[in-house]
Structure formats: structure tokens, C-alpha cells
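In: My questions are about this predicted structure, shown below with the sequence.
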Amino acid sequence: MTEKYHIDSDIQDLIEESDTGNRHPKQWYAAFLLLSLPVIWSLFQLWIGSPLPAHFGVGFLNDTETRAIHLGFALLLTFLAFPARHNSPHDRIPLLDWVLGLAAAFCACYIFIFYTSLSTRPGAPIAQDIWVSVAGLVLLLEATRRTLGPALVCVALFFLAYVFFGDSQFVPDVIRWKGASIERAMSHMWLSTEGVFGIALGVSSGFVFLFVLFGALLNQAGAGNYFIQIAFSLLGHLRGGPAKAAVLSSAMTGLISGSSIANVVTTGTFTIPLMKRVGFSSEKAGAIEASSSINGVLMPPVMGAVAFLMVEYVGIPYIEVIKHAFVPAAISYIALLYIVHLEALKADMQGLPRTGPVYSLKMKMLRMGIITSSMIVLAGLLFFLISAIKTITGPVSVALILLVILTGYIGLLYISAQQPDLEMDDPNSEIIELPLFANIYKTGLYYLIPLIALIWFLMVERNSPGLSAFWASVIMGFVLLTQKPLKAFFRRGNMVSALGEGFIDLRDGLSSGARNMIGIGVATATAGIIVGTVTLTGIGQVMADLVQIVSGGVLLFMLMFVALISIVLGMGLPTTANYIVVSSLMAGVVVELGAQHGFIVPLIAVHMFVFYFGIMADVTPPVGLASFAAAAISRGDPLKTGVQAFFYSMRTALLPFLFIFNTDLLLIDVTWYQGIFVFIIALIAMLVFAASTQGFWFTKSKWYETVLMLVAAFTLFLPGFWLDMVKPPYELKAPSDIYHYISEQPSDGNIRLVAEGEALDGRFKRSTVILPLGEQGADAKERLAKNVGLELLPQDDGSMLVDYVEYGSVAEHSALDYDWKITGILEETDRFPKELFFIPALLLLGLIAKLQLMRRKREKLAETAPAA
């Protein structure tokens, strides 16, 4: 074979161009700077993320100052590490790039250096401020072009043109505005936190960097290889085993990687040749890896940095974002595993040969049950042990807990040292031997300690994401420093040289973590230009009119329009930037237009919708970079690989539409046992949908079976669709009944009001709002005023006029305003549970399964008959 098990130059260039920069200077001082600067950046971010500055009162910086220095590092490293053009020098840093890098870093740090003087003249910039801001924007756009290509630059320039020339006669009336002066625009974009140095860059500097750094340190320690080997030991022997292992390993590496391209290269270099070995074509092997890798970005807790942006944009805790994201990501991954299984069945593929004992299905299930139960019991014991230590010991509990962690780490490392270090087999060798899970899992159990620590700080201690990632990164840095010396001690080796290797590993991990952040830092800063344009010009308000015209006011068409925008922009933008741009423009519009038509769309559902379709752009032809990376490894046709990957990812494209109309999938307002039920039903529906798109379930499907399976899957996903056709969910009541209605509602009840009036921008709006009523009171009117912040006056036409809206109240956040009219109350109708429609859907699936099983039996008999 001509393929070799390594990352060849083309693939290496692709990942470096998209993530870390592909300049490797030969001058010692330039090479030293490109190694030391990222390390310094990482150490700076660790210092800022730690509690030490606040504790000692030294080196404390506010958010604005931190963002400025963060962007300064990103811009300087961009001009040093990313050549201006493909034919620019890669082995040295030209003088011009030194000048541009230093100038860009100065412009970025300008608001840090002159923070005090700038605070004395807000909104009144001097000439120096203007020149620095203009130069900073130009250099930021050039840095964006180098790291991310021209697409985001073009989008940013389009929005900047709108800022200055929005009053032109060539601009359509529906989006025309008065325009801005250079002073006002630069003050807004560069000298405040409304533009470049806004929320997105704040999330990048405050949360994202530390999570990316944690992933880089974990990968530097060898966790990526460990996860891949675990996946192959568990699934490699099954039908199409390498493909299933690719899906599982991508899910695990997705926990520590925020880049779909890096995910493809990390796992695909090993999995793609093995998939081809067992019978997958080059295009299908590449498509499976690409589809798996984009799903890795969907997996909590990092989600390609978008999880932290959602915290700021949606205004909900990080834990809530993780909860909402879990079910769609999990069922999407399981469905991809099932698609791979169906492909293997259709082609009658086999797995890789395995060594060791072969267990029956019953014994496999028993072993899996024992392992799972043991992990749950150990997790419970750990939880109660730490809780008991904190309760009993009080002030010294932290030291005791650290002692417990250290003891567990040394014990697990001792177990690991008894096994040989993991080395990946060559997937192109004539015979590859699958590793035994019983041997593999022991070698990296200590990698779970920093992961468990991260989850503990996030879920149990409820620390901020930034502080949780800081502690996890510190633990991971300790692991990198000590794992090789301690293994050498247990193996009676040379501890001194092993300690030196540990320092080198830590240095490389700090460096790679920072270099992985260059593109994200630049992208979030440039996306701030778009966000700044929205806040400066108010274009977000008029987008509702434009979208309504294009969609005709139909929510489904509106969502398709948003999906198309997300995919088109995402073809040239990284996921994080794409999410910022589209959510800033469209999220509020979808919520507003949905409310105008009586449909309440939760804001988190819209943001998840935008995120999912931004991810789809990574596999969508003609630009899908993840598909291109996979095709480079598989030696397949990139366009065909992209088309196949998009086909495999149809389940990912379906999910956003489903959780918009059925928010149970996002676990919104469901109990834990309802959540389990939702997960099981949604998983069945997704597997059925996957089987229908493959045209194969137990055997090749007839066309009518495919149609019926799609109907059944639709019913399981959206049972309310059929129930709404039987009986509407709400009945419109007269607004004069509002106080009687409120008096009948329990303490956790709410009320749906249909309201209309003039918005602040002068447009007439009609909206449906949900108001939580809070605790019951002696009087309905008092309850509405106290808990909702709303006072009403009855009118002669039977409507109610909004007479008072309390500042900061529930009513104000629901966009109700003074002098608006309440034209109706939507009261829930008495209907039977929508879940009853699951029964005919499941019966239909049972019938189809029986027909297919009978047909498969006849087909097998027909195949064996001639031989007899």
C-alpha cells in the first residue's frame, strides 16, 4: 500500500492552516518566540482564571483589560505563525509580519494601556483614539483572513459598510438607517465593550481558553490515544467494527477537542484505513469519520466553545446548557452508530480479528452490567466520601480531599505502570491485533481523575466554568509533570530523565493549547464587529420584517431560512463565529415572530438550532472542511465524501427542527423520570428514521415500509402534531376574565396572554407571552402586580389596557409595554395525553418489523436452497 500511518504533509498543512499556523521558522530566536509566547499566554490565562489575583490583590485585571491582552496575544501570534499567502515564507518570519504583529498587539492592548484616560472621555474619542481604532480594525481583519480565510472578513466588511453607508439610497428602505460618523463607529467598535471587545471575546478569554487548554494538556498526556484504543477494544470485532470504533472514539475525543478538523485528524488517521480494510469505500470511510467528528463538537461539556457563549447570550446557567444539549447529542451519536451497523449489514461486512476469550451475548451483557454498576457504585462512594470529609473536617477538608485525590492518582498510576505504554498499531499492516479491553483500560484510568474533577467542580460544587476548568487544568498539568517520573519509579527506571520529559510535555501542552486558541480568539473578536453593528444600528429589529416577508410568516419556512443562512455562513466561518453571527441576527427574530403567531419558542431552542446548522457546514459540500480532511486521509473524492457525510448527518439536521416543536427533547420543564422516557422514545424514533433513510432495517425495505417508518418516527418525535389536529391545545378567552383565571391558578401556574401594541421602534406588534404568576395571594389583581409587575385597566371594547409595567419585572422582560392591549387569554384545553399516539406508532413499527423478519427468513431459505 502507498498509504502510511502518519499525518502526511497535506493533512498536516490543512490542520495547521485552520488551527495553529503552519509557519516553522529556522531562526532560533523566531522559533523560540513561537514556542515561548503561547506558553506565556497560557500561563497568563491560568493566572487570570485562578482565585489568586483576588486573594492576594496582585495582578487583578477587570474583564475589559483581560479581553484586550487576550486579543493582543492572539493577533501577535497570528502574524508570527500564519503566513500572509500560500507562497509566503514558511521557514522565516518576514520583517513586515514582525511590524504588523507588534502594531496589532499594541492596538488590541490600547484600552488596557490607556484604560484610565479612556474612562474619562467615554463616547468622545480624540484623534489618537480614532487612528488606533481604525488601524486595529484593519489589522484584525487581516489576521482574520490569515487564520480563517476571506469569508468572515467579507461578512465583517459588509456589516461595516452598512454602518457607514446605511443611509445610502441604494440600501432598501426596510433596512435603511441614518448612518454613523467615524468617531461614533470607532468608539462603539473598538473603544467600548459593545463591539470587538464584547461578550464573545469575553467568553473566549474567560472560559473557552481554559477548556481548550485542558483538552490540549489531556491530549498531550496521551488521553486521545487511550480513548481510541478503548473504542477499538470494545467495538473493533463487531460488524464494521472500525467504523463503530471511529464513532465512539470521536465522541470521547470530542470531549477534549473543540475542532471538528482536529477531531478528524486525531482519530481518522487510524480509523479510516481500518474502515477501508473491512469493506467501506474511501468515500464512505471518510464520510463516517467526518460525521463522527462534527458530532464530537456537539457533545457537552465544551461544544466547540458555544456552550459558554450560550450562557451569556441566553442568560441561563452553564449546567442548564449542558442539560439541554445532552439528549440531542447522545441520540445523534447512537443513531450514527446504528447507521454504520446498517451499512455493515447491507454489505455483509465483518469486524477485525480479536484475541482472547469470546463471550456469548448473555455473558457480554452481564459483564457490561457489572462494569457499569461498579462505576456507578464507585461514583456514589466517592461522592459520599468527599461530602463526609467536607462535613466532618470543615476548614481542613480541602487538604484532605487533595490527599484523597493524590492517593487515588498514585494508585491508578501504579496499576498503569504494570502495563506497557500504549502504542497505536499501524492500520496498514497485514495483520492488526485488537487490544484487549481488560489490558487497555488499566493503562489510562488516571486520565479520569482530571475529567472527574472537572465534572465535580461544575456539577456538584457549582463553580463557574472558568474556575472549574482552571482547577482541572492545574490537575492535568500536575499529571503531565509526574506521570512519567512516577512510572519510571515504579518500573525502576531513570526518574531524572523522565522528569525532564514531563517538563517538556507540560511546555508542549501549554504551547499547543494557546496555539489552538489563536483562531478562536480572532474569530470571536471579528464576530464582535457584527454584534456591534447590530447594537449600533438596530438592524436586529428590522430583520424581523425582512424574515417575515421572505417566509410569509410561516414558522417552518422561517426556520428553513435561518438554517440556510447558518449553513452558507458556516461554509467559510468557524463554528464559534458562525454561531455568534447568526444567533445575533436571527435568534431574537425567530422568538419574536413565533410569538406573533401564537407559538412560544424558547430562546435556548433557537440558539441550539443555529448551533446545529452551523456544525452541518463542516460536512456540507462544496466547502466542508471536515469532509476535506477526511478525504485527504482516505484518498477519496472530497466532493463525494462531503455528499455522503451530509447524507449520514441528516439525522443531525433533523433534530433542530424537532426540538423547536417538541422542547421535551431539550429537557425543558420535564422531571427526571420524564427525561428518561423522552430519551428512550426519541432514541427509538431516531433509529427508525436512520433505518428509513438507509432503506434497510432487518432487511432491505420496500418503498411503502420506508414511508410508514418515517410516519412512525414523526409520530414518536412530535405526537402533539396529531393531537393538535384532533383538538386545539388552547382556547381563546375574553381578557375580561383575566382576574378570575388568575385566582384559579396554583402557585406554580402561569398565564398566556395575547397582546398587541406599538414597540419602541414604532412598529405595531402582536405577540403571545407566558407570564409565571408566582405565589397565590389574597387578591388576583395584587398577585398580578406583585409577582408579574403588571397593572391593567378594563376598556369598553372588552380588552384590558396595560396601565403600568414595573421596571425589571417579568412583564417587562416579556416585552409588554405601557398602553398595550390585552386582547385575549389562551387557556389550555382538556385533552388526553399526547403520548397515547405512541401506541399506534409502536404497533406500526412492530408490524413492519414482523414483515421484514419474515421476508429475511424467506430470503435466507432461498439462498440455502440451491446448496441443499
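Out: Received the coordinates, thanks. Numbering: from 1, shown residues only.
In: Can you give me the pLDDT of the residue nearest the centre of the chain?
Out: Nearest to the geometric centre of the chain sits Met303, at 2.5 Å (C-alpha atoms, centre = their mean). Met303 carries a pLDDT value of 71.
In: so how far is Tyr579 from it?
Out: Met303 is 10 Å from Tyr579, where distance means C-beta to C-beta, to the nearest Å. Any C-beta I mention is one placed from the backbone N, CA and C, and that applies to glycine too.
In: Which residues are in contact with each of the two?
Out: Phe611 (C-beta atoms under 8 Å, 6 or more residues apart in numbering).
In: so how far is Pro25 from Ile93?
Out: 5 Å.
In: higher neighbour count, the two?
Out: Ile93 (23 against 18; other C-beta atoms under 10 Å).
In: Report the contact partners of that one.
Out: Counting by C-beta under 8 Å, 6+ apart, Ile93 has contacts Arg23, Pro25, Gln27, Ala30, Leu80.
In: The first one and Ala81 touch, don't they?
Out: Yes: the criterion here is C-beta atoms under 8 Å, and Arg23 meets it with Ala81 at 5.2 Å.
In: Spell out which residues are contacts of both of the two.
Out: Counting by C-beta under 8 Å, 6+ apart, the residues touching both Arg23 and Ala81 are Leu34.
In: the more surrounded of those two?
Out: Comparing Arg23 with Ala81 by other C-beta under 10 Å, the one with more neighbours is Ala81, at 24 against 21.
In: Quick check: the more buried one touching Asn516?
Out: No: contact criterion C-beta under 8 Å: Ala81 and Asn516 do not qualify, at 11.5 Å.
In: Tell me the confidence at the residue nearest to Leu836 when sequence neighbours are not counted?
Out: In space, and not counting its chain neighbours, Leu836 is closest to Pro719: 7.8 Å by C-beta to C-beta, 6 or more residues apart in numbering. If you check Pro719, the pLDDT there is 90.
In: Got the phi and psi for Pro719?
Out: phi -60, psi -30 (degrees, to the nearest 10).
In: Now stretch 144-156: buried residues?
Out: For stretch 144-156, a neighbour-count test (16 or more other C-beta atoms under 10 Å) marks Thr144, Arg145, Arg146, Thr147, Leu148, Gly149, Ala151, Leu152, Val153, Val155, Ala156 as buried.
In: Need the distance between the two termini of that stretch.
Out: Taking C-alpha to C-alpha, to the nearest Å, the first and last residues of stretch 144-156 lie 10 Å apart.
In: quick revisit: select from the buried residues of stretch 144-156 every entry located in helices.
Out: Thr144, Arg145, Arg146, Thr147, Leu148, Ala151, Leu152, Val153, Val155, Ala156 (DSSP state H).
In: Nearest to Leu546 among the residues you listed?
Out: Checking those against Leu546 with C-beta to C-beta, the nearest one is Val155 at 16.7 Å.
In: and which of the contacts of Ile93 is nearest Phe44?
Out: When the contacts of Ile93 are compared against Phe44 (criterion: C-beta to C-beta), the nearest one is Leu80, at 16.8 Å.
In: so where does that closest one fall, helix or strand?
Out: Element membership for Leu80 (DSSP states H and E) is helix 63-81.
In: For Lys244, see how far away the residue lying closest to Pro621 once chain neighbours are set aside is.
Out: Nearest non-adjacent residue to Pro621, counting by C-beta to C-beta, 6+ apart: Gly642, 3.7 Å away. For Gly642, the distance to Lys244 equals 22 Å [C-beta to C-beta].
In: is it true that Phe721 touches Phe714?
Out: Yes: here Phe721 reaches Phe714: they are 7.4 Å apart, a contact under C-beta under 8 Å.
In: So between the two, which is more surrounded?
Out: Remark: of Phe721 and Phe714, Phe714 carries more neighbours, 18 against 14, as counted by other C-beta under 10 Å.
In: all helices of the stretch 751-868 of the chain, in order?
Out: Applying DSSP state H, counting those that start in this stretch to the stretch 751-868 of the chain gives helices spanning 780-783, 810-813, 838-864.
In: Can you tell me which of those has the worst average pLDDT?
Out: helix 810-813 (a mean of 82).
In: Give me the buried stretch members for that one, please.
Out: Neighbour-count burial for helix 810-813 [16+ other C-beta under 10 Å]: Val810, Ala811.
In: How is this protein divided into domains?
Out: In the domain annotation for the chain, the residue ranges read 9-170+182-201, 520-533+555-726, 730-828 (automatic domain parsing).
In: distance between the shortest one and the chain's centre?
Out: Read that as domain 730-828. 36 Å (C-alpha atoms, centre = their mean, to the nearest Å).
In: confidence score at Lys727?
Out: 88.
In: wait, I meant Pro746
Out: 85.
In: try Ala653
Out: The per-residue pLDDT of Ala653 was computed as 85.
In: What about it, how many residues nearby?
Out: Count around Ala653 with other C-beta under 10 Å applied: 16.
In: Contacts only, for it.
Out: Shown in contact with Ala653 (C-beta under 8 Å, 6+ apart): Ala563, Tyr612, Phe613, Met616.
In: So which residues of the protein form strands?
Out: Along the chain, counting by DSSP state E, strands occupy 730-733, 750-758, 764-772, 790-794, 800-805, 821-828.
In: Just send the ones you listed back as TSV, with mean pLDDT and distance to Phe270 too.
Out: Formatted as TSV, the strands of the chain follow (pLDDT from 0 to 100; distance: least, C-beta to C-beta, whole Å):
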stretch	mean pLDDT	distance to Phe270
strand 730-733	88	54
strand 750-758	87	53
strand 764-772	83	50
strand 790-794	89	61
strand 800-805	88	60
strand 821-828	88	54
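In: how about these in CSV, adding distance to Ser233 and mean neighbour count?
Out: Converted to CSV, these look like this (distance: least, C-beta to C-beta, whole Å; neighbours: other C-beta atoms under 10 Å):
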stretch, distance to Ser233, mean neighbour count
strand 730-733, 54, 15
strand 750-758, 51, 19
strand 764-772, 50, 17
strand 790-794, 61, 17
strand 800-805, 62, 18
strand 821-828, 52, 19
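In: Go through those and name the closest to His55.
Out: Once the strands of the chain are compared by C-beta to C-beta, strand 764-772 is nearest, at 39.2 Å.
In: contact partners of that closest one?
Out: So strand 764-772 is contacted by 592, 595-596, 598-600, 748-759, 787-788, 790, 810-811, 814-816, 826 (C-beta under 8 Å, 6+ apart).
In: which residues does the residue nearest to Pro621 contact?
Out: By C-beta under 8 Å, 6+ apart, Gly642 lies in contact with Ala287, Ala290, Val619, Thr620, Pro621, Pro622, Gly624, Ser627, Phe628, Ala631.
In: circling back: out of the contacts of Ile93, which one sits closest to Met310?
Out: Looking across the contacts of Ile93 and measuring by C-beta to C-beta, the closest to Met310 is Leu80, at 32.3 Å.
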